[in-house]
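In: no sequence on hand, only this structure:
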């Protein structure tokens, strides 16, 4: 009969085998998905964007990124978001699995001329960077008065 300690040792080795990578191309696939993204797993800086109360709102998921490593830059109508996620391990620690992307991430958005890039507001809370970009006043709908030949005025909505 097999002793209990031998069974426990075998189960422990089985557990270790579950953590080992057996496919040599898995790392290449993971890196390709990080760079290019897939429908199920987008690139390293996923975002949502919507319009709300006269503002264009963009939210970036950046879990584990410290606020002092974030950098926002607007040049003409191009918004660049740069973030860095540090390696959380110590130099003498051996990683068993490493699937969370780390390093420097960058994403650029081309903003329309209808947005007021001088008044962008940014906030960072619980790993989500939220940008609020107001719609420029000249781009908002307004009423234009039209004079008729009879001298009366009419308003037309634009």
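Out: Perfect, I can see it now. Note that the coordinates shown come from a computational prediction; the quantities given were computed from them, not determined experimentally.

In: what are the buried residues along stretch 72-82?
Out: 79, 81 (16 or more other Cβ atoms under 10 Å). Placement of C-beta: from N, CA and C, glycine included.

In: state the mean pLDDT of it.
Out: Regarding stretch 72-82, the rounded mean pLDDT is 92.

In: equivalent analysis for stretch 126-140, please.
Out: 86.

In: equivalent analysis for stretch 52-63, please.
Out: For stretch 52-63, the per-residue pLDDT averages 92.

In: any idea how far apart the tips of it sit?
Out: 24 Å (Cα to Cα, to the nearest Å).

In: try stretch 76-95
Out: One end of stretch 76-95 to the other measures 43 Å (Cα to Cα).

In: which other residues reach it?
Out: 45, 60, 62, 64-66, 69-74, 100-113, 115, 117, 120, 129, 131, 133 (Cβ atoms under 8 Å, 6 or more residues apart in numbering).

In: same question, stretch 122-142
Out: Against stretch 122-142 from outside (Cβ under 8 Å, 6+ apart): 51, 54-65, 67, 70, 72, 79, 81, 83, 111, 113-117, 119-121, 157-158.

In: in strands only, show me the contacts of stretch 76-95.
Out: Those of the contacts of stretch 76-95 mapping onto strands are 60, 71-74, 103-110, 129, 131, 133, per DSSP state E.

In: can you give me the domain assignment for this structure?
Out: 1-41, 44-138 (automatic domain parsing).

In: and the first one, average pLDDT?
Out: Looking back up the chat, that one is domain 1-41. 56.

In: in its sheet, which strands sit next to the helix or strand hosting residue 79, and in what direction?
Out: Here residue 79 sits within strand 78-85, counting by DSSP states H and E. According to DSSP bridges, strand 78-85 forms sheet pairs with strand 71-75 (antiparallel), strand 103-110 (antiparallel).

In: in TSV, list those strands along with distance to residue 89.
Out: Shown next, in TSV, are the strands paired with strand 78-85 (distance: least, Cβ to Cβ, whole Å):
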stretch	distance to residue 89
strand 71-75	24
strand 103-110	14
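
In: tell me which other helices or strands the strand or helix carrying residue 144 touches.
Out: Taking DSSP H and E as the criterion, residue 144 maps to strand 143-147. Where contact means 3 or more Cβ pairs under 8 Å, 6 or more residues apart in numbering; DSSP states H and E, strand 143-147 is packed against strand 153-157.

In: alright, I will stop here.
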